[in-house]
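1. predicted model and sequence follow; I will ask about them next.
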Amino acid sequence: MSAKDKKAAGNSNRPNAQCQRGVSRAQQLLMVALACIVIAGVVILSGIWPQEEAVIAEPAPVAPTLAAPPAEDTPPSSLPEPVTPAFIPPPEPAVDPLPSLFESDDPVRDALADIPLGTAGQQYLMPSNIIERSASLIYLTAQGDVPYKLVPIARPKAKFPIVDDGTQVVADPDGFTRYDPITRWIESLDAAALLDAFAGFLPLFREAWGFYGEDPSYFDLAVIETLDTIIATPEIDITEERLIRKEAVWIYENPAIESLAPVQKQILRMGPRNASAVKQKAIQGRALWLTILAERG
């Protein structure tokens, strides 16, 4: 090859060398850039590179906690738990048992000892068989009779006074005063205290009532019937009612009066004032008796 040809050949190979050298340099630059990026990321992520100063928030105040009280010692599980005893109601006050009917006189007198009874009442308590006599008094009065022998005040000794004007005979109003003592005595009695004291012996009164062949439980109603008979006495001025003689006694000419129960006619003969007082006492006694029956049965 000639020298001219060699020089031409050399010149033809120079661009290839330059191209190869240019690629290599570009790759190097690219690698350097990538390396810088990686290093920068590592520096930032690792905290080596200083960042902006962070704002530190102040912690919220925390309320102080109270110390819990020390726990009580727990008893060993082997000990049994205390057992709460069942509630036991207090015992009811002891009640003295009732005496027998035939031994009841002294207990009845003791029950009435603090109640003012007057002379007539004391006389009534002196004989024996107080409950039996009282049951008999109620029995006879409930039948409409007048238990003269059982009443503690004696009947007036003076005869039944009359006024005879020649045309008719009527009751003398002056005779009403004969019954003033028994009326004042009845008014003085403390009906509430008496009935309350006798109510404690109610089973014995019922037993005595059975002696008449009656149902013992009927005694309660018999007391009411007795008082009702007294209360039902009509209000009549007997000083205006004519009397007629029948054998040895005076009777009322008016059949409406004469047909009344003996105890009602006796109340009329006591006069209007005395009769009213006795009836008012019977009304009071009836109300009290119903209350006692409701409470004690």
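-> Looks like it came in fine.

2. any idea which element the residue nearest to Glu187 when sequence neighbours are not counted lies in?
-> Among residues not flanking Glu187 along the chain, Ala277 sits closest, at 5.5 Å (Cβ to Cβ, 6 or more residues apart in numbering). Just so you know, the C-beta spots here come from the backbone N, C-alpha and C atoms, and that holds for glycine as well. Following DSSP states H and E, the helix or strand that holds Ala277 is helix 272-296.

3. return the set of buried residues in that helix.
-> Neighbour-count burial for helix 272-296, with 16 or more other Cβ atoms under 10 Å as criterion, is recorded at Asn274, Ala275, Ala277, Val278, Lys279, Lys281, Ala282, Gly285, Arg286, Leu288, Trp289, Ile292.

4. so Thr229 sits against Gln264, correct?
-> Yes. Using Cβ atoms under 8 Å, Thr229 is in contact with Gln264, at 6.8 Å.

5. who touches both of the two?
-> Residues touching both Thr229 and Gln264 (Cβ atoms under 8 Å, 6 or more residues apart in numbering): Gly144.

6. what's the pLDDT at the closest residue to Pro99 other than its chain neighbours?
-> Once flanking residues are discounted, Pro99 sits nearest to Pro107: 5.2 Å by Cβ to Cβ, 6+ apart. Looking at Pro107, its pLDDT reads 97.

7. before we move on, which element is Val119 in?
-> Actually, residue 119 is Thr rather than Val. According to DSSP H and E, Thr119 maps onto helix 118-125.

8. for Ile244, that is, sorry about that
-> Using DSSP H and E, Ile244 sits in strand 243-246.

9. still on that earlier bit, quick one: classify the residue nearest to Pro99 as helix, strand or coil.
-> Recorded secondary structure, Pro107: helix (DSSP: H, G, I helix; E, B strand; the rest coil).
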